[in-house]
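Need a 3D model of the sequence below.
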Amino acid sequence: MNAGLASTKRHLAVSEIVEKEGQHGPGLHPAMVIPVVYYVPQLTVGGTENQLAELLVQLNRKMFWPAVWCPGAWGPAGDRLTDANIPICRIRLSHRRLISFLQGVRWLHETKPQIFHSFSYGRAALDVLAARLAGVPIVLTSRRNIRHWDPDRKALWRERLRNRWTDCVLANCSAAAAVCADVEGFPRDRIQVIYNGVKLGLRLPNPELRRALGISPVDLLVGNVANLKHVKGQNILIRAFRWVVDELPRAHLVICGEGEEGPALERLCRELALTEHVFFLGLRHDLGSIYRGLDLYVHSSRAEGLPNAVLEAMAYGVPIVATSAGGTSELLAEHAGDCLVPLEDACALAKAMLRMLKDEALRSQRGLAGQRSVAAGFTVSRMVAEHESLYLKLVRKTAEVGEPVMRAAVL
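Okay, here's the model as predicted:
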């Protein structure tokens, strides 16, 4: 069989799965590039999804051919990848759907990636198992949180199972890397830290935001951007803001995000007589215009990996006050005394906000410092370059030894 006919048959085999599972179509990677398949549970709105989209859109196509396997919900991140002509496989993945799992293995086998990079985490291991059964030489998994979702470590056995099939773990901060090593027992020399990347923004005033809220141009505006979940600690922020308003009656707070905690947070505002000072803006896609309208950004999480919202606010030159959760401390280490407060401490959070809001010069200084920090170490181009460097290093190492970086055991 000649090469052209073999390629055609391979393409038809992949297309058959596309028709059955409603994929967008993975296509075939060209010769002389490194094919990489990325697994992500969903492509809706979130930090992981946004970071994946930034990475894939800017990945060097002369060196790498990216494709995505996403079995779950669709959203803006998926639309962005589709617009960038990145193929997306939509085969569902479930313990209850053996046929779909085998179709996923088949798709991987026929796509023949050299690297499988999973953005899932330890609640399931089917994605990395599929990659190993398909014969993918290199398997990476990401760590983008500090296991706040599993406080009793009930899912730890699944993570350790995934780790048996993983060559390298890629963490987005040192805090996540430490948890992976200390809790999961993954070898530290096979954990790589690559920080998230964001685009620098222009620190231009946004009077439209204040007009839309019905507040004065001289009022102080504080912001929070996060899913409305218990782990994000907006209830701590609201309680702290009651003390802020007691001293600064012209202070206001905007909270952007959606989630199950929304009704409880609105009820808390009513209980604390803050309804005229706290605005819930819901899910927003124009976050740049929000950041440009703020005097201060506050992140009140109980647990974090590396919070994109903090990085984004810094990129727009907005001063930060945050709890010292996970990788947040790594972002704000230079000015920790002004910016960081202990977890669950509404009083300390209020004091830090008041200190910033009462000192315009300090806010300006910290905002400029944050923007310089992003430019120096947290850009999208740096994040992409470090991923490319890691991929090339692993491929070269695999080629040198003639086998996968680690002989992973497939049960």
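
So for the longest helix along the chain, what gets flagged as buried?
Counting by DSSP state H, the longest helix found in the chain is helix 380-401. Buried residues in helix 380-401, counted by 16 or more other Cβ atoms under 10 Å: V380, M383, V384, E386, H387, E388, L390, Y391, L394, V395, T398. C-beta coordinates here come from the backbone N, C-alpha and C atoms, glycine included.

quick one: the helices in the stretch 201-350 of the chain?
Secondary structure of the stretch 201-350 of the chain by DSSP state H, counting those that start in this stretch: the helices cover 207-213, 234-247, 262-271, 287-292, 308-315, 328-331, 336-339, 346-357.

counting contacts, what elements does the second one pack onto?
Yep, that's helix 234-247 we're talking about. strand 220-225, strand 251-256, helix 262-271, helix 346-357 (3 or more Cβ pairs under 8 Å, 6 or more residues apart in numbering; DSSP states H and E).

which ones are touching E261?
E261 makes contact with L228, K229, H230, K232, Q234, N235 under the criterion Cβ atoms under 8 Å, 6 or more residues apart in numbering.

If we go by neighbour counts, what in the host helix or strand of E110 is buried?
Counting by DSSP states H and E, the element that carries E110 is helix 98-111. Buried residues in helix 98-111, counting neighbours by 16+ other Cβ under 10 Å, are found at S100, F101, Q103, G104, V105, R106, W107, L108, H109, E110, T111.

Can you give the strand pairings for the following helix or strand past it, parallel or anti for each?
The C-terminal neighbour of helix 98-111 among helices and strands, as given by DSSP H and E, is strand 115-118. Partners of strand 115-118 in the sheet, by DSSP bridges, are strand 34-39 (parallel), strand 138-143 (parallel).

Present those as a markdown table; the columns should include mean neighbour count, mean pLDDT and distance to A171.
Putting the strands paired with strand 115-118 into a markdown table (neighbours: other Cβ atoms under 10 Å; pLDDT from 0 to 100; distance: least, Cβ to Cβ, whole Å) gives the following:
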| stretch | mean neighbour count | mean pLDDT | distance to A171 |
| --- | --- | --- | --- |
| strand 34-39 | 24 | 97 | 16 |
| strand 138-143 | 25 | 96 | 4 |
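
can you put those strands in CSV and add distance to W149?
Formatted as CSV, the strands paired with strand 115-118 follow (distance: least, Cβ to Cβ, whole Å):
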stretch, distance to W149
strand 34-39, 18
strand 138-143, 12
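
So which of those strands is nearest G47?
Using Cβ to Cβ as the measure, strand 138-143 is the one of the strands paired with strand 115-118 that comes nearest G47, at 11.6 Å.

Now do the following helix or strand past the closest one against strand 138-143, angle only.
As assigned by DSSP H and E, the chain's next helix or strand after strand 138-143 is helix 156-164. For helix 156-164 against strand 138-143, the angle by axes from the mean of the first three to the mean of the last three Cα atoms, to 10 degrees is 140 degrees.
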